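*Asks:* From the sequence below, what's the structure:
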Amino acid sequence: MRQWSRRRARQGYIAAIKSSRQLRGSFYKPYSRVYHIAERQDWAIAWHAQYISRHVRRLTGIPSSIVGTYHGISRQIVHFDSRAMYLNDAADHINDSNRVVLYWTHGDKPDPKPNIRSLIDRLLGVYQRLSKIVTCSTINEQRLLSWGIPEGMVTMIPIGVDVAAFRPTQPSQRAKMRETMGIPSDAVCVGSFQKDGEGWGEGLEPKLEKGPDLFLEVIAKLAAEHKVFVLLTGPSRGYVKQGLDRIGVPYHHSFLRHFYDVIPYYQCLDLYMVASRDEGGPNSILESMATGVPIITSRVGIAPQAIEQGKNGFIVDVGDTQGLADCASALIRDSSLRSQFAEGGLSMARSFDWSVIAKQYHEKVFAPLMIGSA
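*Replies:* I've put the predicted structure just below:
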């Protein structure tokens, strides 16, 4: 037992040395590498980091890797995909020789949530330490500028989608999957795949920026005229499930363990709805398009950049539940319009493939910071 323990200890020591060498920025040419600092390995921002890092390496040959800590990195480009990690901790401790890029998702000053307000206040106090702030929508870009962030510091690069993974399926396979999930063949299946409850438990308290209350209003309006079935994924969906039970709309909910597990759920849908009040993306807009699912959404995040009104999707003003319901009804009644949106969405999604987005990161962010290392 003692020999086994010593062997494990030695292996751990060697691994720690290798990790230290990997992170030691001074070991490499200054500003020749990109380090993505990500908190969670199966959460949206961590997957964004993986896609960007992978495609930057493939397209340019520049060493780009994902690590869980900024400690030990110096004289390199450090991209914080988690704004909370940077603003709550790293801003005061990361080596000043690094060129730091911060990814800003969403949030506005009137937001009633204290954690969002504190992040904004903290950003406005430390942004001078950053080399670049990247945000994923023109809506959030304008917010940052309105708060006083210099224009040259802010770069808008949208989120992407993996079009090789997110794609339509054959009608026969779609029918089998719908049967497995208990979706009636004559029902209109509406998707909602985002976390919209507070915390990581049942989610009985609504996360209002995600609009679960608005979503339920729209479903109630639709159910008065159509046979509706709701497909849910994600954690903390208790508020929506209780609401669907109350209005008598059937649903199926699955808590998925892996990012890619959501793809068959998209492939079962007749339409996807985003009723949010504020968003960074959301990912679901592009994922719906890539899988050939018609999308209706409030005017949040990347919606104005990805959707051509009436051609590949519908956009309504935030809080306009009647508008969302009317758009959904128009799609339900018009099969040719659904086909048009599906085809238009597929075409638009290709322009947001992660290889395209990673190229923008290289050209607009990483390469300029490397060139300036002389």
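*Asks:* Skip ahead from the lowest-mean-pLDDT helix or strand in the chain and say which helix or strand is next.
*Replies:* The weakest-scoring helix or strand in the chain, judged by mean pLDDT, DSSP states H and E, is helix 2-23 (a mean of 41). Under the assignment DSSP states H and E, the closest C-terminal helix or strand after helix 2-23 is strand 34-37.
*Asks:* Give me the residues contacting that next one.
*Replies:* Contact with strand 34-37 is made by 23, 25, 49, 52-53, 56, 62-70, 73, 76-82, 85-86, 90, 366, as judged by Cβ atoms under 8 Å, 6 or more residues apart in numbering. Where C-beta positions appear, they are placed from N, C-alpha and C, glycine not excepted.
*Asks:* Work out the gap between that strand and the centre of the chain.
*Replies:* Remark: strand 34-37 is offset 18 Å from the chain centroid, using Cα atoms, centre = their mean, to the nearest Å.
*Asks:* what residues are up against residue 96?
*Replies:* By Cβ under 8 Å, 6+ apart, residue 96 lies in contact with residue 129.
*Asks:* buried sites along stretch 142-152?
*Replies:* Of the residues in stretch 142-152, 143-144, 149 count as buried by neighbour count, 16 or more other Cβ atoms under 10 Å.
*Asks:* In helices only, show me those residues.
*Replies:* Counting by DSSP state H, the buried residues of stretch 142-152 place 143-144 in helices.
*Asks:* Would you reformat the buried residues of stretch 142-152 as TSV and include distance to residue 272?
*Replies:* As requested, the buried residues of stretch 142-152 are exported to TSV (distance: Cβ to Cβ, whole Å):
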residue	distance to residue 272
143	25
144	28
149	32
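*Asks:* Tell me the buried residues within the contacts of strand 34-37.
*Replies:* 23, 25, 49, 52-53, 56, 62, 64, 66-67, 70, 73, 76-82, 85-86, 90, 366.
*Asks:* Narrow those residues to those in strands?
*Replies:* 64, 66-67, 77-80 (DSSP state E).
*Asks:* where in the stretch 51-200 of the chain is pLDDT low?
*Replies:* By pLDDT under 70, the stretch 51-200 of the chain contains no weakly predicted segment.
*Asks:* how does it look with 90?
*Replies:* By pLDDT under 90, the low-scoring segments of the stretch 51-200 of the chain are 67-68, 82, 84, 105-117, 199-200.
*Asks:* which stretches of it form helices?
*Replies:* Ranges of helices in the stretch 51-200 of the chain, per DSSP state H, counting those that start in this stretch, are 83-88, 114-126, 138-146, 171-180.
*Asks:* closest one to residue 318 among these?
*Replies:* Of all the helices of the stretch 51-200 of the chain, helix 138-146 sits nearest to residue 318, with 10.5 Å by Cβ to Cβ.
*Asks:* packing partners for that closest one?
*Replies:* When contacts are defined as 3 or more Cβ pairs under 8 Å, 6 or more residues apart in numbering; DSSP states H and E, helix 138-146 packs onto strand 132-135, strand 154-156, helix 303-306.
*Asks:* Need the winner for burial among these.
*Replies:* Of all the helices and strands packed on helix 138-146, strand 132-135 has the most neighbours on average by mean count of other Cβ atoms under 10 Å, namely a mean of 22.
*Asks:* returning to what we had before: from the ones in strands among the buried ones among the contacts of strand 34-37, which two are the most distant?
*Replies:* 64 and 80 (14.2 Å).
*Asks:* Provide the contact partners of stretch 258-265 at residue level.
*Replies:* 42, 47, 165-166, 169, 177, 181, 191, 193, 231, 233, 254, 256, 287, 291.
*Asks:* Return the distance of that stretch from the chain's centre.
*Replies:* Its chain's C-alpha centre and that of stretch 258-265 lie 14 Å apart, by Cα atoms, centre = their mean.
*Asks:* Likewise for stretch 180-194?
*Replies:* 23 Å.
*Asks:* got the buried residues for it?
*Replies:* Residues 181, 183, 187-194 are the ones in stretch 180-194 that count as buried (16+ other Cβ under 10 Å).
*Asks:* Residue 106: which of those residues is nearest?
*Replies:* For the buried residues of stretch 180-194, the nearest to residue 106 is residue 194 (12.6 Å; Cβ to Cβ).
*Asks:* Relative to residue 308, how far out is the spatially most central residue of the chain?
*Replies:* What sits nearest the mean C-alpha location of the chain, by Cα atoms, centre = their mean, is residue 283, with 4.3 Å. Noted for residue 283: a distance of 19 Å to residue 308, by Cβ to Cβ, to the nearest Å.
*Asks:* Which members of the buried residues of stretch 180-194 define the maximum pairwise distance?
*Replies:* Across these, the longest distance by Cβ to Cβ is 21.4 Å; it joins 187 and 194.
*Asks:* roughly how far apart are residue 359 and residue 77?
*Replies:* From residue 359 to residue 77 the distance is 16 Å (Cβ to Cβ).
*Asks:* what do you get for residue 248?
*Replies:* Applying Cβ to Cβ to residue 248 and residue 77 gives a distance of 54 Å.
*Asks:* again with residue 267
*Replies:* According to Cβ to Cβ, residue 267 stands 38 Å off from residue 77.
*Asks:* tell me the domain boundaries of this structure?
*Replies:* The chain breaks down by automatic domain parsing into domains covering 23-160+354-371, 171-350.
*Asks:* about what we covered before: CSV for the helices and strands packed on helix 138-146, including distance to residue 205?
*Replies:* Below are the helices and strands packed on helix 138-146 laid out as CSV (distance: least, Cβ to Cβ, whole Å):
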stretch, distance to residue 205
strand 132-135, 28
strand 154-156, 32
helix 303-306, 26
